[in-house]
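Asks: Build me a structure from this.
(one chain, ligands or ions: 2)
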Amino acid sequence: FRRNLFTSNSTQMAIKNVVVIGGGLMGSGIAQVAAQNGQNVTIVDLDQKVLDKAKNAINVSLQRIAKKLFKDDSVKAEKFLSDSMAHVSLSTSPEQAVNQSDLVVEAIVEKLHIKQKLFQTLDAVAPTHTVFASNTSSLPIGEIAQSTNRKDRFVGLHFFNPVPVMKLLEVIRIPETSDDTYNLVMEWGKSIGKQTVTCKDTPGFIVNRLLVPYMMEAVRLLERGDATARDIDTAMKLGAGYPMGPFELLDYVGLDTSKFIIEGWAEKFPDNPLFKPVPTLNRLVEEGKLGIKTGEGFYKYQ
Ligand code: CAA
Ligand code: NAD
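Replies: Residues are numbered from 1 along each chain as shown. Ligands and ions are numbered 1, 2, ... in the order given. Down below sits the predicted model:
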(Lines give C-alpha, C1' and ligand atoms only; values in the text may rest on other atoms or scores of the structure.)
(Ligands and ions follow the chains in the order given, each with its own letter.)
Protein backbone atom coordinates (compact mmCIF):
# COMPACT_ATOMS: atom_id res chain seq x y z
CA PHE A 1 0.00 0.00 0.00
CA ARG A 2 2.75 2.39 0.93
CA ARG A 3 4.51 1.80 -2.36
CA ASN A 4 1.31 2.50 -4.28
CA LEU A 5 0.66 5.65 -2.34
CA PHE A 6 4.04 7.12 -3.09
CA THR A 7 4.65 5.87 -6.57
CA SER A 8 1.22 6.62 -7.98
CA ASN A 9 1.45 8.95 -10.92
CA SER A 10 -1.93 7.96 -12.25
CA THR A 11 -4.85 10.36 -12.23
CA GLN A 12 -6.33 8.41 -9.34
CA MET A 13 -5.93 10.38 -6.13
CA ALA A 14 -3.75 8.63 -3.61
CA ILE A 15 -4.95 10.59 -0.56
CA LYS A 16 -8.40 9.44 0.51
CA ASN A 17 -8.53 9.96 4.26
CA VAL A 18 -7.70 13.38 5.59
CA VAL A 19 -7.61 14.50 9.21
CA VAL A 20 -7.76 18.22 9.96
CA ILE A 21 -6.70 19.16 13.48
CA GLY A 22 -8.31 22.39 14.69
CA GLY A 23 -11.90 23.17 13.74
CA GLY A 24 -11.63 26.96 13.76
CA LEU A 25 -11.71 29.43 10.90
CA MET A 26 -9.09 27.64 8.77
CA GLY A 27 -9.62 24.03 9.82
CA SER A 28 -13.30 24.10 8.91
CA GLY A 29 -12.48 25.57 5.47
CA ILE A 30 -9.74 23.04 4.76
CA ALA A 31 -12.03 20.18 5.80
CA GLN A 32 -14.76 21.54 3.56
CA VAL A 33 -12.70 21.71 0.37
CA ALA A 34 -11.45 18.16 0.91
CA ALA A 35 -14.97 16.86 1.62
CA GLN A 36 -16.56 18.60 -1.33
CA ASN A 37 -13.96 16.91 -3.54
CA GLY A 38 -14.93 13.44 -2.36
CA GLN A 39 -12.37 12.80 0.37
CA ASN A 40 -13.18 11.45 3.82
CA VAL A 41 -12.38 14.11 6.37
CA THR A 42 -12.28 14.02 10.14
CA ILE A 43 -12.10 17.33 11.96
CA VAL A 44 -10.52 17.20 15.39
CA ASP A 45 -10.80 19.87 18.06
CA LEU A 46 -10.49 19.98 21.83
CA ASP A 47 -13.96 21.40 22.11
CA GLN A 48 -17.16 19.67 20.87
CA LYS A 49 -18.87 23.07 20.57
CA VAL A 50 -16.19 24.22 18.11
CA LEU A 51 -16.75 21.04 16.11
CA ASP A 52 -20.50 21.60 15.94
CA LYS A 53 -19.90 25.19 14.86
CA ALA A 54 -17.43 24.02 12.20
CA LYS A 55 -19.95 21.57 10.77
CA ASN A 56 -22.56 24.28 10.65
CA ALA A 57 -20.15 26.73 8.95
CA ILE A 58 -19.33 24.07 6.34
CA ASN A 59 -23.01 23.51 5.68
CA VAL A 60 -23.68 27.22 5.21
CA SER A 61 -20.67 27.66 2.92
CA LEU A 62 -21.58 24.58 0.84
CA GLN A 63 -25.08 25.96 0.38
CA ARG A 64 -23.61 29.18 -1.06
CA ILE A 65 -21.46 27.15 -3.43
CA ALA A 66 -24.29 24.78 -4.38
CA LYS A 67 -26.57 27.70 -5.18
CA LYS A 68 -23.94 29.05 -7.56
CA LEU A 69 -22.93 25.74 -9.15
CA PHE A 70 -26.43 24.33 -9.62
CA LYS A 71 -28.66 27.38 -9.67
CA ASP A 72 -31.24 25.79 -11.95
CA ASP A 73 -31.13 22.31 -10.50
CA SER A 74 -32.17 22.00 -6.88
CA VAL A 75 -31.88 18.19 -6.94
CA LYS A 76 -28.21 18.34 -7.96
CA ALA A 77 -27.60 21.13 -5.44
CA GLU A 78 -29.11 19.03 -2.64
CA LYS A 79 -27.05 15.99 -3.69
CA PHE A 80 -23.83 18.02 -3.74
CA LEU A 81 -24.62 19.28 -0.25
CA SER A 82 -25.55 15.91 1.24
CA ASP A 83 -22.68 14.02 -0.48
CA SER A 84 -20.17 16.58 0.77
CA MET A 85 -21.56 16.63 4.32
CA ALA A 86 -21.52 12.81 4.39
CA HIS A 87 -17.74 12.96 3.99
CA VAL A 88 -17.28 14.99 7.19
CA SER A 89 -16.76 13.35 10.60
CA LEU A 90 -15.99 15.00 13.92
CA SER A 91 -13.73 13.85 16.74
CA THR A 92 -12.22 15.11 19.97
CA SER A 93 -9.51 12.43 19.92
CA PRO A 94 -6.56 13.16 17.62
CA GLU A 95 -4.98 9.79 18.44
CA GLN A 96 -8.06 7.86 17.25
CA ALA A 97 -8.72 10.10 14.26
CA VAL A 98 -5.29 9.66 12.69
CA ASN A 99 -5.52 5.86 12.80
CA GLN A 100 -6.69 5.55 9.20
CA SER A 101 -5.28 8.80 7.84
CA ASP A 102 -3.25 9.40 4.68
CA LEU A 103 -2.77 13.09 5.37
CA VAL A 104 -2.98 15.15 8.57
CA VAL A 105 -3.35 18.91 8.18
CA GLU A 106 -2.83 20.84 11.40
CA ALA A 107 -4.65 24.16 11.84
CA ILE A 108 -4.47 24.84 15.58
CA VAL A 109 -3.31 27.91 17.47
CA GLU A 110 -0.21 29.70 16.10
CA LYS A 111 2.16 28.65 18.91
CA LEU A 112 5.29 26.62 18.13
CA HIS A 113 5.47 24.50 21.29
CA ILE A 114 1.75 23.57 21.09
CA LYS A 115 2.10 22.48 17.46
CA GLN A 116 5.28 20.52 18.29
CA LYS A 117 3.57 18.76 21.19
CA LEU A 118 0.64 17.80 18.98
CA PHE A 119 2.82 16.39 16.20
CA GLN A 120 4.98 14.49 18.67
CA THR A 121 1.86 12.75 19.97
CA LEU A 122 0.54 12.07 16.46
CA ASP A 123 3.88 10.74 15.22
CA ALA A 124 3.70 7.91 17.74
CA VAL A 125 0.25 6.72 16.63
CA ALA A 126 -0.24 7.62 12.95
CA PRO A 127 0.43 5.00 10.25
CA THR A 128 3.93 5.10 8.77
CA HIS A 129 2.76 6.31 5.38
CA THR A 130 0.76 9.27 6.76
CA VAL A 131 1.99 12.66 5.59
CA PHE A 132 1.96 15.49 8.14
CA ALA A 133 1.30 19.10 7.15
CA SER A 134 1.03 22.35 9.06
CA ASN A 135 -1.09 25.29 7.95
CA THR A 136 1.02 27.68 10.04
CA SER A 137 1.03 31.30 8.87
CA SER A 138 4.46 32.18 10.13
CA LEU A 139 6.30 29.46 12.06
CA PRO A 140 9.21 27.53 10.54
CA ILE A 141 7.98 24.20 9.19
CA GLY A 142 11.39 22.68 9.98
CA GLU A 143 11.03 23.57 13.67
CA ILE A 144 7.54 22.06 13.87
CA ALA A 145 8.73 18.90 12.06
CA GLN A 146 11.62 18.63 14.54
CA SER A 147 9.23 17.00 17.01
CA THR A 148 8.62 14.02 14.69
CA ASN A 149 10.57 11.18 13.15
CA ARG A 150 9.01 11.74 9.74
CA LYS A 151 10.63 14.87 8.37
CA ASP A 152 10.68 13.26 4.93
CA ARG A 153 6.88 13.12 5.15
CA PHE A 154 6.41 16.66 6.50
CA VAL A 155 5.39 19.78 4.57
CA GLY A 156 3.76 23.14 5.03
CA LEU A 157 0.36 23.47 3.37
CA HIS A 158 -0.63 27.10 3.74
CA PHE A 159 -4.23 27.93 2.86
CA PHE A 160 -5.90 31.34 2.70
CA ASN A 161 -8.99 32.70 4.36
CA PRO A 162 -11.78 32.08 3.28
CA VAL A 163 -10.49 28.68 2.19
CA PRO A 164 -13.48 27.73 0.01
CA VAL A 165 -12.99 30.92 -2.04
CA MET A 166 -9.25 31.66 -2.09
CA LYS A 167 -7.65 29.66 -4.87
CA LEU A 168 -4.07 29.58 -3.60
CA LEU A 169 -2.22 26.87 -1.71
CA GLU A 170 1.41 27.49 -0.73
CA VAL A 171 3.39 24.26 -0.50
CA ILE A 172 6.48 24.50 1.67
CA ARG A 173 9.26 21.98 1.45
CA ILE A 174 11.85 21.54 4.12
CA PRO A 175 15.22 20.14 3.03
CA GLU A 176 14.20 16.70 4.33
CA THR A 177 10.84 16.57 2.48
CA SER A 178 11.04 13.68 0.01
CA ASP A 179 10.15 14.11 -3.64
CA ASP A 180 7.39 11.52 -3.20
CA THR A 181 5.81 13.52 -0.40
CA TYR A 182 6.14 16.77 -2.31
CA ASN A 183 4.60 15.27 -5.47
CA LEU A 184 1.80 13.70 -3.47
CA VAL A 185 0.74 16.95 -1.77
CA MET A 186 1.05 18.93 -5.00
CA GLU A 187 -1.31 16.42 -6.60
CA TRP A 188 -3.62 16.62 -3.58
CA GLY A 189 -3.69 20.43 -3.81
CA LYS A 190 -4.86 20.20 -7.39
CA SER A 191 -7.44 17.54 -6.50
CA ILE A 192 -9.12 19.97 -4.07
CA GLY A 193 -9.21 22.72 -6.69
CA LYS A 194 -6.28 24.85 -5.55
CA GLN A 195 -3.53 26.47 -7.56
CA THR A 196 -0.26 25.56 -5.87
CA VAL A 197 2.93 27.58 -5.53
CA THR A 198 6.08 26.31 -3.88
CA CYS A 199 8.22 28.19 -1.40
CA LYS A 200 11.20 27.44 0.81
CA ASP A 201 10.79 27.43 4.58
CA THR A 202 11.24 31.17 4.94
CA PRO A 203 9.31 33.49 7.37
CA GLY A 204 5.81 34.13 6.02
CA PHE A 205 6.51 32.11 2.88
CA ILE A 206 5.38 34.26 -0.09
CA VAL A 207 2.05 35.86 0.72
CA ASN A 208 2.44 36.64 4.42
CA ARG A 209 6.02 37.89 4.01
CA LEU A 210 4.49 40.68 1.92
CA LEU A 211 1.00 40.95 3.38
CA VAL A 212 1.72 41.00 7.13
CA PRO A 213 4.32 43.85 7.06
CA TYR A 214 1.87 45.79 4.84
CA MET A 215 -0.95 45.35 7.39
CA MET A 216 1.37 46.32 10.27
CA GLU A 217 2.49 49.43 8.36
CA ALA A 218 -1.19 50.37 8.06
CA VAL A 219 -1.58 50.17 11.86
CA ARG A 220 1.57 52.29 12.31
CA LEU A 221 0.09 54.85 9.90
CA LEU A 222 -3.03 54.93 12.08
CA GLU A 223 -0.94 55.14 15.28
CA ARG A 224 0.88 58.20 13.93
CA GLY A 225 -2.51 59.84 13.38
CA ASP A 226 -1.87 60.25 9.66
CA ALA A 227 -5.28 58.92 8.55
CA THR A 228 -8.30 57.08 9.95
CA ALA A 229 -8.71 53.32 9.64
CA ARG A 230 -11.76 53.86 7.44
CA ASP A 231 -9.83 56.15 5.07
CA ILE A 232 -6.83 53.83 4.89
CA ASP A 233 -9.17 50.96 4.00
CA THR A 234 -10.99 53.04 1.39
CA ALA A 235 -7.67 54.16 -0.07
CA MET A 236 -6.30 50.66 -0.48
CA LYS A 237 -9.55 49.32 -1.95
CA LEU A 238 -10.12 52.13 -4.41
CA GLY A 239 -6.53 53.15 -5.03
CA ALA A 240 -4.83 49.77 -5.13
CA GLY A 241 -7.71 47.47 -6.05
CA TYR A 242 -7.53 45.29 -2.91
CA PRO A 243 -10.82 43.51 -2.11
CA MET A 244 -10.50 44.51 1.55
CA GLY A 245 -8.57 47.29 3.25
CA PRO A 246 -5.82 46.35 5.76
CA PHE A 247 -8.01 46.90 8.85
CA GLU A 248 -10.90 44.91 7.40
CA LEU A 249 -8.43 42.17 6.58
CA LEU A 250 -6.83 42.22 10.05
CA ASP A 251 -10.30 41.82 11.59
CA TYR A 252 -11.02 39.03 9.11
CA VAL A 253 -7.77 37.12 9.76
CA GLY A 254 -8.08 37.56 13.56
CA LEU A 255 -6.08 40.02 15.63
CA ASP A 256 -4.79 37.25 17.90
CA THR A 257 -3.38 35.29 14.96
CA SER A 258 -1.90 38.50 13.49
CA LYS A 259 -0.29 39.34 16.85
CA PHE A 260 1.21 35.84 17.20
CA ILE A 261 2.70 36.18 13.72
CA ILE A 262 4.39 39.54 14.27
CA GLU A 263 5.48 38.68 17.83
CA GLY A 264 7.14 35.48 16.65
CA TRP A 265 9.05 37.31 13.94
CA ALA A 266 10.01 40.19 16.28
CA GLU A 267 11.52 37.66 18.69
CA LYS A 268 13.49 35.92 15.95
CA PHE A 269 14.54 38.98 13.98
CA PRO A 270 14.69 41.84 16.54
CA ASP A 271 16.60 44.12 14.18
CA ASN A 272 14.09 44.05 11.33
CA PRO A 273 11.97 47.24 11.61
CA LEU A 274 9.17 45.60 9.58
CA PHE A 275 8.64 43.10 12.39
CA LYS A 276 8.54 45.56 15.33
CA PRO A 277 5.65 44.99 17.78
CA VAL A 278 2.52 47.05 17.14
CA PRO A 279 1.04 48.56 20.37
CA THR A 280 -2.51 49.09 19.06
CA LEU A 281 -2.75 45.45 18.00
CA ASN A 282 -1.49 44.31 21.40
CA ARG A 283 -4.01 46.54 23.21
CA LEU A 284 -6.99 45.26 21.18
CA VAL A 285 -6.00 41.64 21.80
CA GLU A 286 -5.62 42.34 25.53
CA GLU A 287 -9.15 43.76 25.51
CA GLY A 288 -10.41 40.56 23.86
CA LYS A 289 -11.19 42.37 20.60
CA LEU A 290 -9.98 39.77 18.14
CA GLY A 291 -11.88 40.92 15.06
CA ILE A 292 -14.96 39.46 13.38
CA LYS A 293 -14.82 36.26 15.44
CA THR A 294 -15.44 38.18 18.71
CA GLY A 295 -17.69 40.87 17.24
CA GLU A 296 -15.11 43.65 17.53
CA GLY A 297 -11.59 44.45 16.39
CA PHE A 298 -10.68 47.64 14.57
CA TYR A 299 -14.39 47.75 13.68
CA LYS A 300 -17.56 46.60 15.41
CA TYR A 301 -19.67 43.76 13.94
CA GLN A 302 -23.29 42.89 14.73
N1 CAA B 1 -17.87 30.00 1.42
C2 CAA B 1 -18.35 29.94 0.16
N3 CAA B 1 -18.44 30.99 -0.64
C4 CAA B 1 -18.06 32.18 -0.14
C5 CAA B 1 -17.56 32.33 1.17
C6 CAA B 1 -17.47 31.18 1.97
N7 CAA B 1 -17.00 31.19 3.22
N8 CAA B 1 -17.23 33.63 1.37
C9 CAA B 1 -17.52 34.27 0.22
N10 CAA B 1 -18.01 33.40 -0.69
C11 CAA B 1 -18.38 33.68 -2.07
C12 CAA B 1 -19.71 34.36 -2.20
O13 CAA B 1 -20.77 33.44 -2.34
C14 CAA B 1 -19.52 35.20 -3.44
O15 CAA B 1 -19.72 34.45 -4.61
P16 CAA B 1 -20.30 35.12 -5.96
O17 CAA B 1 -19.56 36.40 -6.16
O18 CAA B 1 -20.05 34.11 -7.00
O19 CAA B 1 -21.73 35.33 -5.63
C20 CAA B 1 -18.05 35.55 -3.43
O21 CAA B 1 -17.41 34.59 -2.59
C22 CAA B 1 -17.84 36.94 -2.90
O23 CAA B 1 -18.41 37.05 -1.59
P24 CAA B 1 -19.25 38.28 -1.05
O25 CAA B 1 -20.08 38.87 -2.15
O26 CAA B 1 -19.94 37.86 0.21
O27 CAA B 1 -18.20 39.32 -0.55
P28 CAA B 1 -16.97 39.96 -1.27
O29 CAA B 1 -17.19 40.17 -2.71
O30 CAA B 1 -16.61 41.09 -0.40
O31 CAA B 1 -15.83 38.84 -1.13
C32 CAA B 1 -14.00 37.91 0.01
C33 CAA B 1 -15.47 38.30 0.09
C34 CAA B 1 -13.82 36.76 -0.96
C35 CAA B 1 -13.62 37.47 1.41
C36 CAA B 1 -13.16 39.14 -0.49
O37 CAA B 1 -13.49 40.27 0.28
C38 CAA B 1 -11.67 38.92 -0.42
O39 CAA B 1 -11.07 38.30 -1.29
N40 CAA B 1 -11.04 39.46 0.66
C41 CAA B 1 -9.60 39.32 0.85
C42 CAA B 1 -9.31 38.01 1.50
C43 CAA B 1 -7.85 37.79 1.71
O44 CAA B 1 -6.98 38.61 1.41
N45 CAA B 1 -7.55 36.61 2.29
C46 CAA B 1 -6.20 36.28 2.66
C47 CAA B 1 -5.99 36.59 4.11
S48 CAA B 1 -4.36 36.23 4.63
C49 CAA B 1 -4.38 34.61 4.92
O50 CAA B 1 -5.37 33.92 4.83
C51 CAA B 1 -3.06 34.01 5.29
C52 CAA B 1 -2.68 34.01 6.71
O53 CAA B 1 -1.88 33.14 7.04
C54 CAA B 1 -3.11 35.01 7.68
P1 NAD C 1 -8.83 29.58 15.21
O2 NAD C 1 -8.55 30.20 16.53
O3 NAD C 1 -10.05 29.97 14.45
O4 NAD C 1 -8.89 27.97 15.37
C5 NAD C 1 -7.93 27.21 16.05
C6 NAD C 1 -8.64 26.00 16.63
O7 NAD C 1 -7.66 25.07 17.11
C8 NAD C 1 -9.55 26.32 17.82
O9 NAD C 1 -10.85 25.85 17.53
C10 NAD C 1 -8.94 25.54 19.01
O11 NAD C 1 -9.92 25.00 19.87
C12 NAD C 1 -8.19 24.44 18.27
N13 NAD C 1 -7.05 23.87 19.01
C14 NAD C 1 -6.10 24.54 19.71
N15 NAD C 1 -5.21 23.65 20.21
C16 NAD C 1 -5.60 22.42 19.80
C17 NAD C 1 -5.09 21.10 19.98
N18 NAD C 1 -3.97 20.87 20.69
N19 NAD C 1 -5.77 20.07 19.41
C20 NAD C 1 -6.89 20.27 18.69
N21 NAD C 1 -7.41 21.50 18.49
C22 NAD C 1 -6.78 22.55 19.04
O23 NAD C 1 -7.51 29.81 14.32
P24 NAD C 1 -7.36 29.86 12.72
O25 NAD C 1 -7.52 31.26 12.28
O26 NAD C 1 -8.18 28.77 12.14
O27 NAD C 1 -5.80 29.50 12.59
C28 NAD C 1 -5.33 28.17 12.70
C29 NAD C 1 -3.94 28.08 12.10
O30 NAD C 1 -4.02 28.48 10.71
C31 NAD C 1 -2.88 28.97 12.73
O32 NAD C 1 -1.64 28.32 12.65
C33 NAD C 1 -2.90 30.20 11.81
O34 NAD C 1 -1.68 30.91 11.83
C35 NAD C 1 -3.11 29.55 10.46
N36 NAD C 1 -3.71 30.42 9.43
C37 NAD C 1 -4.65 31.35 9.76
C38 NAD C 1 -5.21 32.15 8.76
C39 NAD C 1 -6.26 33.17 9.07
O40 NAD C 1 -6.58 34.00 8.21
N41 NAD C 1 -6.85 33.17 10.25
C42 NAD C 1 -4.82 31.97 7.42
C43 NAD C 1 -3.87 30.97 7.11
C44 NAD C 1 -3.30 30.21 8.13
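Asks: For Gly288, which non-adjacent residue is spatially closest?
Replies: Leaving aside its sequence neighbours, Gly288 sits nearest to Thr294 (Cβ to Cβ, 6 or more residues apart in numbering; 6.1 Å). Glycine gets a C-beta too; all of them are placed from N, C-alpha and C.
Asks: and if you look at Gly264?
Replies: Ser138 (5.5 Å).
Asks: Out of the helices and strands in the protein, which is least certain?
Replies: helix 2-7 (a mean of 40; mean pLDDT, DSSP states H and E).
Asks: Is the closest residue to His158 other than its chain neighbours in a helix, a strand, or coil?
Replies: Nearest residue to His158 in three dimensions, chain neighbours excluded: Glu170, at 3.9 Å (Cβ to Cβ, 6+ apart). Look at Glu170: counting by DSSP: H, G, I helix; E, B strand; the rest coil, its state is strand.
Asks: follow-up on the earlier one: give me the next element, helix or strand, following the least confident helix or strand of the chain.
Replies: Moving toward the C-terminus from helix 2-7, the next helix or strand (DSSP states H and E) is strand 17-21.
Asks: and that next one, which strands flank it?
Replies: Here strand 17-21 is paired, per DSSP bridges, with strand 40-44 (parallel), strand 103-106 (parallel).
Asks: Adding mean neighbour count, mean pLDDT and distance to ligand 1, write those out as a markdown table.
Replies: As requested, the strands paired with strand 17-21 are arranged in a markdown table below (neighbours: other Cβ atoms under 10 Å; pLDDT from 0 to 100; distance: least, Cβ to the nearest ligand atom, whole Å):
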| stretch | mean neighbour count | mean pLDDT | distance to ligand 1 |
| --- | --- | --- | --- |
| strand 40-44 | 25 | 98 | 16 |
| strand 103-106 | 26 | 98 | 14 |
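Asks: Next, format these as JSON lines and append distance to Gln195.
Replies: What follows is the strands paired with strand 17-21, written out as JSON lines (distance: least, Cβ to Cβ, whole Å):
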{"stretch": "strand 40-44", "distance to Gln195": "21"}
{"stretch": "strand 103-106", "distance to Gln195": "17"}
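Asks: Could I get the contacting residues of Pro94?
Replies: By Cβ atoms under 8 Å, 6 or more residues apart in numbering, Pro94 lies in contact with Val19, Ile21, Val44, Leu118, Thr121, Leu122.
Asks: residues from the stretch 151-300 of the chain in reach of ligand 1?
Replies: Phe160, Asn161, Pro162, Pro164, Val165, Met166, Asn208, Leu211, Pro243, Met244, Leu249, Val253 (Cβ under 6 Å from any ligand atom).
Asks: Which of these ranks first by neighbour count?
Replies: Using other Cβ atoms under 10 Å as the neighbour criterion, Val253 leads these with 26 neighbours.
Asks: Please give me every residue in contact with it.
Replies: Asn161, Gly291.
Asks: Please apply the same query to the one 10 residues further on.
Replies: With contacts defined as Cβ under 8 Å, 6+ apart, the neighbours of Glu263 are Pro277.
Asks: which element is it on?
Replies: Using DSSP H and E, Glu263 falls in helix 255-268.
Asks: Report the buried residues of that helix.
Replies: Going by neighbour count (16 or more other Cβ atoms under 10 Å), the buried part of helix 255-268 is Leu255, Asp256, Thr257, Ser258, Lys259, Phe260, Ile261, Ile262, Glu263, Gly264, Trp265, Ala266.
Asks: Next secondary structure element downstream of it?
Replies: Sequence order places helix 279-286 as the next helix or strand after helix 255-268, per DSSP H and E.
Asks: In the stretch 1-150 of the chain, where is pLDDT below threshold?
Replies: Within the stretch 1-150 of the chain, the stretches with pLDDT under 70 are 1-13.
Asks: ranges for the helices of it?
Replies: Per DSSP state H, counting those that start in this stretch, the stretch 1-150 of the chain carries helices over the ranges 2-7, 25-35, 48-69, 74-86, 94-97, 112-125, 141-145.
Asks: returning to that earlier point: the helix holding Glu263 - what's its average pLDDT?
Replies: Mean per-residue pLDDT for helix 255-268: 94.
Asks: Quick check: the closest residue to Gly38 other than its chain neighbours vs ligand 1, distance?
Replies: Leaving aside its sequence neighbours, Gly38 sits nearest to His87 (Cβ to Cβ, 6+ apart; 6.8 Å). With distances taken as Cβ to the nearest ligand atom, to the nearest Å, His87 is found 17 Å from ligand 1.
Asks: Quick check, His87 in contact with Asn40.
Replies: Yes. At 5.5 Å, His87 and Asn40 qualify as touching, with contact defined as Cβ atoms under 8 Å.
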